[in-house]
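> Sequence below, structure please.
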Amino acid sequence: MPIVDDKQVKAHLAADRVKAISVDTNIFDQKRLQLNSASMQALASLKARPFRFILSGTVAKEVVMHMTKAATNALQEARKSIGQALFAFDTRAPTREHILEQISGSRSPSDTANLRWDKFVNDTGCEVLDDTALVPTATIFDSYFAGEPPFGTGRKKNEFPDALALHALEKRASQEGIWILVVSNDGDWRAYCEQSDRLFLVSQIERALALVTDAPIGLRAAIHASLEGAGNDQVKRLIAADVERLEFTARAYPMYGEVELYAMAGELKAVTLPEESEIDIIDVEEIDDGEGLQVVASVPLDLLVNVPVELSFSIWDGVDGESLSMGSRSVEVEEELNVRASLTLLVYDLATEDETVDIDDSEIEDCYHEVDLGEVDIFEPEDHDYGDE
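Numbers count the residues shown, from 1 in each chain. Below is the predicted model of the structure:
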């Protein structure tokens, strides 16, 4: 069916036609495989609605594969960095292997990925489909040769996993007479959903959760009013603390020799809060015997952050075979970050004169950012100013 807007999706939800949500692999990748992020964990709240969380078995396998690869790469990077640190400090104990064992818990990347995934599936009550049992091989090949979505005119073989996943979701929805809200920002998935009888597509997990959560009337307006008013200083303090915990790395291209960079903790200089329509309420739970609400809201933020970076320059002495220090200096870089934050709020007496909204916690979902310094020189810019000669 044609891609529908939020209002139409809400109408289908209200009519109890849409009974499940599914997520594409690219959404997990977009969240940097952080299965414990607020938006991913909000899927667990759907169990109480009841509203089902269904995943294609193909997507599940892809996510585990990506998690395994990420863990393997992280372990390799850790091995290299730990070895360099132990060598630099001439440390004999603990050994690199002992440190790596503590980090990994003696688990292989594959075991770690499977353990994390099994916990996520259990926490969210996710139903993982057996795609190959649902979809005959002939269905996929017929779609392939006909050039139907998600297949196209180009690299068709790359779309076989997508085709299997989408046909499996379609078949399950058809068997049960339901519609499924599919979350993906992949163009091929969008093309398939445009001609699907059972799948509605939404491009962001936060927007999909907001549609399913169906927050009480006036809640979004109350949150926005708090962010713009009494809660403004509170949320800025929380976001500033989150910024200090972000991991920054830096890269640069030295004009001469080599350079090593160390990016330090960032300092929040300014934050632009969202418009009311941009606030996605992804979870609502009654607290204090129904007198209040604990709300998780996902909001986009534009941040201006000051990041100090230390630069250490050196050249390689080919005669003596050693690296010679050429000095160091530091710079402060203003970075503009577009991030998404999850706010936990406590709301009492909604839509009354005694309404209160307290911002209890915050979490920036994007943990790692890279600062690009471009071309750098060992000298400060003013060192090149020789005056008018």
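> can you list the weak-confidence ranges in the stretch 251-389 of the chain?
The model of the stretch 251-389 of the chain has pLDDT under 70 over residues 318-321, 380-389.
> show me where it has strands.
All strands of the stretch 251-389 of the chain, identified by DSSP state E, counting those that start in this stretch, fall at 258-263, 267-272, 280-287, 292-317, 322-348, 356-364, 368-376.
> Now render those strands as a markdown table, adding mean neighbour count and distance to Ser143.
Just so you know, the C-beta spots here come from the backbone N, C-alpha and C atoms, and that holds for glycine as well. A markdown table is the format used below for the strands of the stretch 251-389 of the chain (neighbours: other Cβ atoms under 10 Å; distance: least, Cβ to Cβ, whole Å):
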| stretch | mean neighbour count | distance to Ser143 |
| --- | --- | --- |
| strand 258-263 | 16 | 48 |
| strand 267-272 | 15 | 45 |
| strand 280-287 | 19 | 34 |
| strand 292-317 | 19 | 35 |
| strand 322-348 | 16 | 35 |
| strand 356-364 | 18 | 41 |
| strand 368-376 | 13 | 38 |
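> Would you reformat those strands as TSV and include distance to Lys7?
Converted to TSV, these look like this (distance: least, Cβ to Cβ, whole Å):
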stretch	distance to Lys7
strand 258-263	44
strand 267-272	27
strand 280-287	15
strand 292-317	20
strand 322-348	23
strand 356-364	26
strand 368-376	35
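> neighbours around the residue nearest to Val357 when sequence neighbours are not counted, how many?
Take Val357 and drop its neighbours on the chain: the residue closest to it by Cβ to Cβ, 6 or more residues apart in numbering is Ser226, 3.8 Å away. Ser226 has 21 neighbours, counted by other Cβ atoms under 10 Å.
> How about the one 4 residues further on?
The local packing count at Ala230 equals 13, with neighbours defined by other Cβ under 10 Å.
> Using the three-state scheme, assign it.
coil (DSSP: H, G, I helix; E, B strand; the rest coil).
> What residues does the residue nearest to Val357 make contact with?
Leu345, Val357, Ile359 (Cβ atoms under 8 Å, 6 or more residues apart in numbering).
> Correct me if wrong: the last one contacts Gln234.
Going back to what we said before, that points to Ile359. Yes: taking contacts as Cβ atoms under 8 Å, Ile359 lies within contact range of Gln234: 4.9 Å.
> picking that back up, measure how the helix or strand hosting the residue nearest to Val357 sits relative to strand 280-287, angle-wise.
Assigned by DSSP states H and E, Ser226 belongs to helix 219-228. Angle, helix 219-228 to strand 280-287, by axes from the mean of the first three to the mean of the last three Cα atoms, to 10 degrees: 100 degrees.
> Show me where the stretch 101-250 of the chain has its strands.
Remark: strands assigned in the stretch 101-250 of the chain by DSSP E, counting those that start in this stretch are 127-128, 179-183, 199-202, 247-254.
> Which one of the ones you listed lies nearest to Ala78?
strand 247-254 (14.0 Å; Cβ to Cβ).
> from the chain's centre, how far out does the closest one sit?
22 Å (Cα atoms, centre = their mean, to the nearest Å).
> now swap in stretch 230-246 and tell me
With Cα atoms, centre = their mean, you get 19 Å for stretch 230-246.
> Could I get the buried residue list for it?
Across stretch 230-246, burial judged by 16 or more other Cβ atoms under 10 Å covers Gly231, Gln234, Val235, Lys236, Leu238, Ile239, Ala240, Asp242, Val243, Leu246.
> with those in mind, which one is nearest to Gln175?
Distances from Gln175 to these, taken by Cβ to Cβ, are shortest for Asp242, at 44.0 Å.
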